[in-house]
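Visitor: Build me a structure from this.
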Amino acid sequence: STISKPIFSKRWKRVNKMSISKNQVIHFILILLFIAEIDYSFRQHEHKTLDGDMALITAPSKFYTTILDEPFGLKASIHHEKYAGSNRYYIHKAMVIYYKKVYPVFSSFFTDKVDFLYKFTGLFQLIIQLFIILLLVYYSVKLEVINRTKILFLILLISSLFQTHGFSNSIGVIDHSVTYTFFYALPLFAFMVFLLPYLHWNIENKSVYVKIICAVFWIPFAFILSMSGAIIPPLGFMIAGVILLYIIRIAFKKYQILHNQSQRYKVIPFFSIITLSVFLLCCMYSYYVGLYNTENSLFVPLIFRYEKLIEGLKLYFIQDVSFLLIGILLLVNFYLIQRSKIKIPFYVWLMLVMSVSFVLLLPLGGYRSYRPNIIRNDTFLPVTLMLFYFIARSTTVILSRTKFSKMYVVFLCIVMLIFTYADKPNFNEDYCQRMQIKKLQHSKEKITSLSSDCPILTWDCTSDTQWTIDGSKMLYYWNITDSVRIYKHAN
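Guide: I've put the predicted structure just below:
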């Protein structure tokens, strides 16, 4: 017995070292669920149809040749020339680079070019989705002490809110159309990156050299961002302006307390003042250049546009239960936070005011016939991302600072399941379009007549070849057809 005791003790220690803790099991399950979420999202995105603007922008069509020669918008600002997309050069260029420069690098490894084109498009959608999710979570957990398991749980919660189908018409972030993802989700992701030095990196406390190096990149970034779509100029001007005023206010308080001149000089936020001021000027310039965009119809009376906005808002929030679910989740979170006597920060109310202001500014951007009620998931996207941030941030505070019950975790899991269940797949959505492209791929006719069941690289089925010629050019460029095959849809 005296001999067996230490042997048993050694064996027990060995088994104890090999044992897996409950937290490790949960951590592993969450990782598997996240991988499954990524796979599911990609398969959803790759089966989306190719939209009607892809070929027009990337070919480019005659409508978009001017914009690709105008990175600074000088024809609009100096010569007052009107052309399509006047303040959106960098997004147009990004699409051209992705589909004309990046595509050939990888397409050579695939024999089925049609299948690869859909996968390549779906991959971009997935990448932007993941970047936005991770950035939202980063913004939420940066100031908190929270373990990795809780962070993974938070990532899954936010991932479930990203709807490809389901509630996509109301809270969709990644659009059905990859072109709209380029023009809305991508610039907003870039804007979130742009704000990092001011909100999370404490850039003013870094060395002079770090600030100079950062400014070298951030000043061009400010201009590129401002010339990247319709949403950034008004939104950027509003948010950057508020941040700049806040930084100056804090610095002024410190300045008044200090009496030593050299110390006073150190508290002046030169980086923030210079870079944010440049960005504000760029946003104003971009807005001015955007007035010469031929795609914006400013001839529709402003009062009519506001009437359509009010009409649209009445319908927008009741088209599904997504906003009801988000409202319930936020009310529960804010109740638990207040019960724990944690003060809701002032910036929450400020963000709500700015969201309302942003929505009220939407009619000033013109009128589009395909967006009759002004408000849609793409124009509402900044507010949607704000709501997602509120969910992520409030949940982070509860998980890191309060003694939450198991029932709260169960409640969050139920919310995730509802959103996941709502986002049902439609893996056959692109079937008709794929078959049409394959028919064109093997056609030997001078002008191929396709069925009118679904359009190919146009928004509508058309028998006018002048609207399909850009699609013909791009299908040839992507090595799907062996020549520029002209096609039309049967009447």
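
Visitor: now the strands for this structure?
Guide: Counting by DSSP state E, the chain has strands at residues 447-450, 486-489.

Visitor: Need these in TSV (columns: distance to residue 89 and mean pLDDT).
Guide: In this view, the C-beta of every residue, glycine as well, is placed from N, C-alpha and C. Below are the strands of the chain laid out as TSV (distance: least, CB to CB, whole Å; pLDDT from 0 to 100):
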stretch	distance to residue 89	mean pLDDT
strand 447-450	33	93
strand 486-489	30	94
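
Visitor: and residue 383, which of the ones you listed is closest to it?
Guide: When the strands of the chain are compared by CB to CB, strand 486-489 sits nearest residue 383, at 37.5 Å.

Visitor: same for the closest one, what does it pack against?
Guide: The contact analysis (3 or more CB pairs under 8 Å, 6 or more residues apart in numbering; DSSP states H and E) places strand 486-489 against strand 447-450, helix 469-477.

Visitor: Identify, out of those, the most deeply packed stretch.
Guide: Counting by mean count of other CB atoms under 10 Å, helix 469-477 has the highest mean neighbour count of these, with a mean of 21.

Visitor: Give me the contact list for that one.
Guide: The contact list for helix 469-477 (CB atoms under 8 Å, 6 or more residues apart in numbering) reads 54-56, 58-61, 99-100, 437, 440-441, 456-458, 481-487.

Visitor: same thing but 10 Å
Guide: Contact partners of helix 469-477, identified using CB atoms under 10 Å, 6 or more residues apart in numbering, comprise 50, 52-64, 99-100, 103-104, 113-114, 117, 437, 440-441, 447-448, 455-458, 465, 468, 480-487.

Visitor: For stretch 158-175, list every residue counted as buried.
Guide: 158-168, 170-175 (16 or more other CB atoms under 10 Å).

Visitor: whoops, stretch 292-306 was the one
Guide: Neighbour counts over stretch 292-306 (16+ other CB under 10 Å) mark 292-293, 296, 305 as buried.

Visitor: and that stretch, how far from the chain's centre?
Guide: 26 Å (CA atoms, centre = their mean, to the nearest Å).

Visitor: Quote the end-to-end distance of that stretch.
Guide: 22 Å (CA to CA, to the nearest Å).

Visitor: And stretch 362-381, by the same measure?
Guide: 12 Å.

Visitor: How about the residue nearest in space to the middle of the chain: what's its closest non-neighbour residue?
Guide: Residue closest to the average C-alpha location in the chain (CA atoms, centre = their mean): residue 185, at 2.8 Å. Nearest residue to residue 185, sequence neighbours excluded (CB to CB, 6 or more residues apart in numbering): residue 128, at 5.2 Å.

Visitor: close enough to count as contact, the one you found and residue 178?
Guide: Yes. The pair residue 128 / residue 178 is scored as a contact, 9.5 Å apart, by CB atoms under 10 Å.

Visitor: shared neighbours of these two, anything?
Guide: 45, 185.

Visitor: quick one: which of the two has more around it?
Guide: Neighbour comparison, residue 128 and residue 178: the larger count goes to residue 178, with 26 against 22 (by other CB atoms under 10 Å).

Visitor: residues in contact with the more buried one?
Guide: Counting by CB under 10 Å, 6+ apart, residue 178 touches 45, 48-51, 53-54, 95, 98-99, 120-122, 124-125, 128, 185.

Visitor: between the buried residues of stretch 292-306, which is nearest residue 73?
Guide: Using CB to CB, those come closest to residue 73 at residue 292, 8.0 Å.

Visitor: what's the closest non-adjacent residue to the closest one?
Guide: Going by CB to CB, 6+ apart, residue 292 has residue 76 as its nearest residue, at 3.8 Å.
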